[in-house]
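Q: Here is my input, please return the structure:
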Amino acid sequence: MNIFRKLRWKLTLNYTIVTVSAFLVVLLVLAGFILPRIYVPNNIVTPELLMEIIQKDSNPLWSHVLSQSPVDTELIDMLLKKSNAQITSFDLFRVGSIQFTIKTMADWRAYIIGKDGILLGKTKYEYPTIFAVGQPFDPNLVQGLEAPYQAALAGEKDLSRLYNIAEPNERFLMALPIINNPNSSSAQVVGVVVLLLDALPTQTDVPNQILNITGRSLLIFLFSIGIMGAIFGAFFAHGLSTRFKRISTTIDAWSEGDFSKFIDDKIGDEISELAQRLNNMAKQLQELLHRRQDMAVSEERNRLARDLHDSAKQQALAASFQLGTALTLYDRDPQTAKNHLVEADALLDAVKNELTNLVHELRPQSVDGQDFSETLKDYAADWSHRNGIGLDLFIDGEDELSLELKEALFRIAQEALANTARHSSAHHASISLEYGADVIKMVIKDDGHGFDKNVQHGGLGLYSMRERAEVLGGSFVIESSAEQGTQIVVTLPRVVE
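A: So this is what the prediction gives:
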């Protein structure tokens, strides 16, 4: 059903939006919590501090490499590839043997120079390319590097003489001496490490770094999270729409009068509670329909009993009196006895006609699958023949009605004609049936003696006809007065099959 397809897509979209939004919030919270921790203020990070950290970490390794003869340049390239300009680091979490860490990195270039001034290795990326491996290293090509470089070759230990600031907080030029056996009397310089730091990240770079990280990974993360949210939302929405569809299917069966099925939903949430309440309502409605059916059967029996008592029984009793009188007079006055027999015969014919009418009311002609106009014509002709009352039938329009509407019109016409035959003493009647675009109108008239509408009548006929019309959203109007005949006007909204 379209309603549940729309519901499923709405739920899927909502889950996707909620998942992506939650991810963005978590991402921003983590960024605001972690990024400030992995950056350090400008007033703490000084060239001396950086040089001391780098010299402490790298001097033993490079001292060993540069002390070899000849120097292994392939090993130098490998070490440079593995090295990085890490300033600080922050451990996030560990999964098994895998440690997730965030590091603060600087943009840098490194050069390894032997004690003879020959460039032995450099980092891969250099722009512009001004130094060639295997050639003498010329510090004059970088402004401000000459003094720190010469001091490093001389084995200077004063860190303030081993760096130069090209741009405050932005660019630093460093030259670190690589000393073999620094704590012994035979210590000697075996090489120099030159570092050119082009950008030192600090807390002022946090917004830019957040944008950088977000810009590189946001699309990938959002796409992945969006797919996960959509899959989860579709799965959940499918189950929810299936439960609603089960409820809808069962309710449709109830609307058609089939109460043999009930909603089976035992998950235990609010929908299950709703299903249980609907099941209880269906049981109560089923009981109500049974009671109403029993009442209708009882009312119909009472009506038939009244009709038999008021008509057939009284006429049969009168016929019995006539026969009894005829038997008494048969020997003394045969002609008078014959007259009573003729009267008894007429009364018995009336009883037969009355019983025939009741049988037709109990077993009406079928209106399902037939032309309703023809059905009504057949019944009118049969009724006129049985009751000896002239009947005209006027039909205007085409016959396209629902089965429920056909049955209601036929029952109303049947009841109205039955009342005409029993109570009106009419000589002529008519039925007019008009098929309109939106409504159908039926008018039943007779020229009988009529009745007073304001007087309460004990029969169920008028009540039954009015109820049939109003149940279908129509109207029922009766016009009658003494010796002026009776007219019934029924108007129903037109519903085609």
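Q: Tell me where the longest strand sits in this protein.
A: The single longest strand within the chain, with elements called by DSSP state E, is strand 188-199.
Q: ok, now which ones touch Ser69?
A: By C-beta atoms under 8 Å, 6 or more residues apart in numbering, no residues touch Ser69. (C-beta placed from N, C-alpha, C; glycine too.)
Q: Over to the one 3 residues further on?
A: The neighbours of Asp72, taking C-beta under 8 Å, 6+ apart as the test, are Val65.
Q: Pull up the gap between it and Ser63, please.
A: Computed with C-beta to C-beta, to the nearest Å, the distance linking Asp72 and Ser63 is 14 Å.
Q: Which pLDDT value goes with the residue of the chain most remote from its centre?
A: Of all residues in the chain, Arg332 has its C-alpha farthest from the mean position, at 94.2 Å, by C-alpha atoms, centre = their mean. With respect to pLDDT, Arg332 scores 85.
Q: Check the secondary structure at it for me.
A: coil (DSSP: H, G, I helix; E, B strand; the rest coil).
Q: same question, the one 5 residues further on
A: When the structure is split into helix, strand and coil by three-state DSSP, Ala337 lands in helix.
Q: and it, how many residues sit next to it?
A: 19 (other C-beta atoms under 10 Å).
Q: Can we start the residue count at 11 from this point?
A: Sounds good: first residue 11 from here, last item Ala347.
Q: Quick check: it touching Gly334?
A: No. In this structure, Ala347 is not within contact of Gly334 by C-beta atoms under 8 Å, at 10.7 Å.
Q: Report the buried residues of the longest strand of the chain.
A: Neighbour-count burial for strand 198-209, counted by 16 or more other C-beta atoms under 10 Å, picks out Val199, Val200, Gly201, Val202, Val203, Val204, Leu205, Leu206, Leu207, Ala209.
Q: Widest-spaced pair of those?
A: Spanning the widest gap among those are Val200 and Ala209, at 30.1 Å by C-beta to C-beta.
Q: residue boundaries of the strands in the protein?
A: Along the chain, counting by DSSP E, strands occupy 96-105, 108-115, 117-124, 129-132, 173-177, 181-190, 198-209, 400-406, 438-445, 449-456, 485-490, 496-503.
Q: still on that earlier bit, given the longest strand of the chain, what are its sheet partners and their directions?
A: strand 117-124 (antiparallel), strand 181-190 (antiparallel) (DSSP bridges).
Q: how distant is the first one from the center of its chain?
A: Using C-alpha atoms, centre = their mean, to the nearest Å, the mean C-alpha position of strand 117-124 is found 63 Å from that of the whole chain.
Q: who are the neighbours in contact with Arg181?
A: Ile175, Leu206, Leu207, Asp208, Ala209.
Q: Out of the residues you listed, which is nearest to Tyr389?
A: Ala209 (101.8 Å).
Q: could you check the angle strand 173-177 makes with the longest strand of the chain?
A: For strand 198-209 against strand 173-177, the angle by axes from the mean of the first three to the mean of the last three C-alpha atoms, to 10 degrees is 10 degrees.
Q: how about the nearest residue to Trp393, chain neighbours excluded?
A: Spatial nearest neighbour of Trp393, chain neighbours left out: Leu427 (5.3 Å); criterion: C-beta to C-beta, 6 or more residues apart in numbering.
Q: before we move on, what about Met238?
A: Excluding the flanking residues, the one nearest Met238 by C-beta to C-beta, 6+ apart is Thr29, at 6.6 Å.
Q: cool, Gly400 as well?
A: By the measure of C-beta to C-beta, 6+ apart, the closest residue to Gly400 outside its immediate chain neighbours is His438, 4.4 Å from it.
Q: Is it correct that that neighbour is in contact with Ser394?
A: No. Using C-beta under 8 Å, His438 is not in contact with Ser394; the gap is 9.7 Å.
Q: Need the residues touching each of those two.
A: With C-beta under 8 Å, 6+ apart as the test, His438 and Ser394 both reach Gly400, Leu401.
Q: These two: which has the busier surroundings?
A: Ser394 (18 against 15).
Q: Quick check, Ser412 in contact with Val505.
A: Yes. At 4.4 Å, Ser412 counts as touching Val505 under the criterion of C-beta under 8 Å.
Q: low pLDDT regions in the stretch 261-410 of the chain?
A: Judged by pLDDT under 70, the stretch 261-410 of the chain has its weakly predicted residues at 313, 316-321, 324, 367-380.
Q: follow-up on the earlier one: from Gly458, how far off is the residue nearest to Gly400?
A: 9 Å.
Q: Next: Gln160.
A: Separation of Gln160 from Gly458 (C-beta to C-beta): 137 Å.
Q: cool, Asn349 as well?
A: Distance of Asn349 to Gly458, computed by C-beta to C-beta: 28 Å.
Q: now Ala247
A: 67 Å.
Q: Ok, Gly484 next?
A: Look at Gly484 and Gly458: by C-beta to C-beta, they are 25 Å apart.
Q: now swap in Leu151 and tell me
A: Using C-beta to C-beta, Leu151 is found at 129 Å from Gly458.
Q: Mind checking which of the two has more residues around it?
A: Gly458 (22 against 11).
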